[in-house]
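S.K.: Task: produce atomic coordinates for the following.
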Amino acid sequence: MASTSASSSSAIAPAATTHSFARYKANNIVEDGDLVVLYLSKENVILIRVDVNETFNCKFGSYRHADMIGLEYGTKLGSNTGRGFLYLLFPTPELWTLILPHRTQILYVADISFIMNFLNLKPGMSMIESGTGSGSFSHSIARTLAPTGHLYSFEYHQERVNAATKEFEDHGLSDMITLRRRDVCKDGFDLVDRVDAVFLDLPAPWEAVASAKRAFKKNKIGKICTFSPCIEQISKTVTALSEHKFVDIQMYECLIRFQEVRILPILTIEEAMEKERIHESKRQRALPRVLRDSYLKATAKANEDEELPPAKHMKIEKGQEEENSNKDNDDTNKKDQSLSGTPAEFEASGKTVTITKLPVEQRGHTSYLLFATLPPSVDSLPVVTLE
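M.R.: Next up is the predicted model:
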């Protein structure tokens, strides 16, 4: 695990900097006071605030902040010992999702991108998010609504509100995100005719539907999304949405399935039978002598062949037996090598087939996404007179 010096990145202090998670830097250069993501590996990603007097330390060596200043984001920086390196990356919502402390279950990129697409989020729009949780989705929303949009985020847990407020300040998002401590299921959002979209990640989202409807802009189409782990929650939310005149109600589930790609040789029938014979011979040799004799007898009986004599009746000296065994191993290995090769060699020969295979373990269900649309209010539509 990586560590930092006493006053380095353990507590990131706000600094006067023009860039944030929502605004990219024009010059793409690391400067004193900037936020930088140190990428050591997929499992080891750390956010720091660059300070010319500080040093980042890990098991591979030390990295002086002063050496980072003036480099471009994306630079590969070696340690003082030469035993390791890291990448200096610009902080993005995607990277923050990998780094952030989990105060609650968070949304990941697959769900985030799907939700933002179906809510049709654009720069300049206003949106409600409830609850804030660990703030993973909040960062992505802020970047999408920037520079003139606004996010109203609600969280009922005071400690999570305090932690998220500090992170929004540190990351330069305070002017774009209004965070309030509020139980919206009981007290509502206290917003009227204000937002274009609503996202609800609540235990009982159906209790907030009425208040969400009042918060939508009356003269525009509104989009709402709920994030629920149980189908019973979805059923109750659908009922509430229908009662409040929402239309186009649809439910989706995002599942990630990784595929392993393999290149296999195309063998003739004779080659396939020979390869199977070689594998069978290897399996026999891997068995202890007693089990091997039993295995050979069972195989012979199954094939209705003559029963093989047990090894104790075979008059072969020990040295001669080892010599014969080694000779059989050499012959088998030579034949096995003739039927094997690297994927590149097989591909060059033109006798290959590409297959995909699902790994044994797969990441499963997270939550159901429920989307609905609120048409503009009839009273807010312009009156057209025909002459």
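S.K.: all contacts plus neighbour counts: C-alpha atoms, from now on.
M.R.: Noted.
S.K.: buried stuff in the host helix or strand of residue 94?
M.R.: Using DSSP states H and E, residue 94 sits within helix 93-99. For helix 93-99, burial by neighbour count (16 or more other Cα atoms under 10 Å) applies to 93-99.
S.K.: cool, stretch 61-80 as well?
M.R.: Buried-residue list, stretch 61-80, by 16+ other Cα under 10 Å: 61-65, 68-69, 72-74, 77-79.
S.K.: Is it possible to get these out as a markdown table so that each row also shows secondary structure, distance to residue 207 and pLDDT?
M.R.: Output for the buried residues of stretch 61-80, formatted as a markdown table (DSSP: H, G, I helix; E, B strand; the rest coil; distance: Cα to Cα, whole Å; pLDDT from 0 to 100):
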| residue | secondary structure | distance to residue 207 | pLDDT |
| --- | --- | --- | --- |
| 61 | strand | 53 | 91 |
| 62 | strand | 53 | 94 |
| 63 | strand | 51 | 96 |
| 64 | strand | 52 | 95 |
| 65 | helix | 50 | 96 |
| 68 | helix | 50 | 97 |
| 69 | coil | 51 | 96 |
| 72 | strand | 49 | 96 |
| 73 | coil | 45 | 96 |
| 74 | coil | 46 | 95 |
| 77 | strand | 51 | 96 |
| 78 | strand | 54 | 94 |
| 79 | coil | 54 | 92 |
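S.K.: JSON lines please, covering the residues you listed and showing distance to residue 89.
M.R.: Formatted as JSON lines, the buried residues of stretch 61-80 follow (distance: Cα to Cα, whole Å):
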{"residue": "61", "distance to residue 89": "19"}
{"residue": "62", "distance to residue 89": "18"}
{"residue": "63", "distance to residue 89": "15"}
{"residue": "64", "distance to residue 89": "16"}
{"residue": "65", "distance to residue 89": "14"}
{"residue": "68", "distance to residue 89": "11"}
{"residue": "69", "distance to residue 89": "13"}
{"residue": "72", "distance to residue 89": "9"}
{"residue": "73", "distance to residue 89": "5"}
{"residue": "74", "distance to residue 89": "5"}
{"residue": "77", "distance to residue 89": "11"}
{"residue": "78", "distance to residue 89": "14"}
{"residue": "79", "distance to residue 89": "16"}
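S.K.: Once you drop chain neighbours, what's closest to residue 176?
M.R.: Spatial nearest neighbour of residue 176, chain neighbours left out: residue 150 (5.0 Å); criterion: Cα to Cα, 6 or more residues apart in numbering.
S.K.: for the chain, which spans come out with low pLDDT?
M.R.: Scanning the chain for pLDDT under 70 picks out the ranges 1-19, 287-296, 299-350, 361-365, 378-387.
S.K.: Can you pull the domain assignment for it?
M.R.: Using automatic domain parsing, the domain ranges for the chain come out as 3-91, 97-256+366-380, 260-278+340-360.
S.K.: got a list of contacts for stretch 23-42?
M.R.: 15-20, 45-52, 68-73, 85-91, 95, 143, 146-147, 171 (Cα atoms under 8 Å, 6 or more residues apart in numbering).
S.K.: May I see the buried residues of it?
M.R.: 29-40.
S.K.: With stretch 140-149 instead?
M.R.: Counting neighbours by 16+ other Cα under 10 Å, stretch 140-149 gives 140-146, 149 as buried.
S.K.: before we move on, back to that, which member of the buried residues of stretch 23-42 is positioned nearest residue 162?
M.R.: Closest approach between these and residue 162, by Cα to Cα: residue 35, at 20.7 Å.
S.K.: What separation do you get for that closest one and residue 73?
M.R.: In this structure, residue 35 and residue 73 are 11 Å apart, going by Cα to Cα, to the nearest Å.
S.K.: so what sits against both of those two?
M.R.: Common contacts of residue 35 and residue 73 (Cα under 8 Å, 6+ apart): residue 90.
S.K.: hey, where'd the helices end up in the protein?
M.R.: 65-68, 93-99, 109-118, 136-145, 158-170, 184-187, 209-215, 231-243, 269-286, 289-302, 318-338, 343-349 (DSSP state H).
S.K.: Would you mind confirming that residue 368 is in contact with residue 232?
M.R.: No: with contact defined as Cα atoms under 8 Å, residue 368 does not reach residue 232; the gap is 10.7 Å.
S.K.: More neighbours: which of these two?
M.R.: residue 368 (19 against 9; other Cα atoms under 10 Å).
S.K.: Tell me what that one is bridged to.
M.R.: residue 228, residue 253 (DSSP bridges).
S.K.: I'd assumed residue 134 was in contact with residue 154.
M.R.: No: look at residue 154 against residue 134 with Cα under 8 Å: they stay out of range, at 11.9 Å.
S.K.: Keeping just the C-alphas, turn the helix holding residue 94 into CSV.
M.R.: Backbone C-alpha positions of helix 93-99 (Å, rounded to 0.1, in the frame of the first residue of the first chain) are rendered in CSV as follows:
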residue,chain,number,x,y,z
PRO,A,93,-15.4,11.7,-12.0
GLU,A,94,-14.5,8.2,-13.3
LEU,A,95,-11.2,8.2,-11.4
TRP,A,96,-12.9,9.6,-8.3
THR,A,97,-15.3,6.7,-8.3
LEU,A,98,-12.3,4.4,-7.9
ILE,A,99,-10.8,6.5,-5.1
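S.K.: which residues are contacting stretch 94-103?
M.R.: Under Cα under 8 Å, 6+ apart, the answer for stretch 94-103 is 37, 45-47, 108-109, 133-134, 136, 140, 160.
S.K.: make it 10 Å
M.R.: For stretch 94-103, the external contacting residues (Cα atoms under 10 Å, 6 or more residues apart in numbering) are 21, 37, 39, 42-47, 89, 93, 106-109, 112, 133-137, 139-140, 159-160, 163-164, 167.
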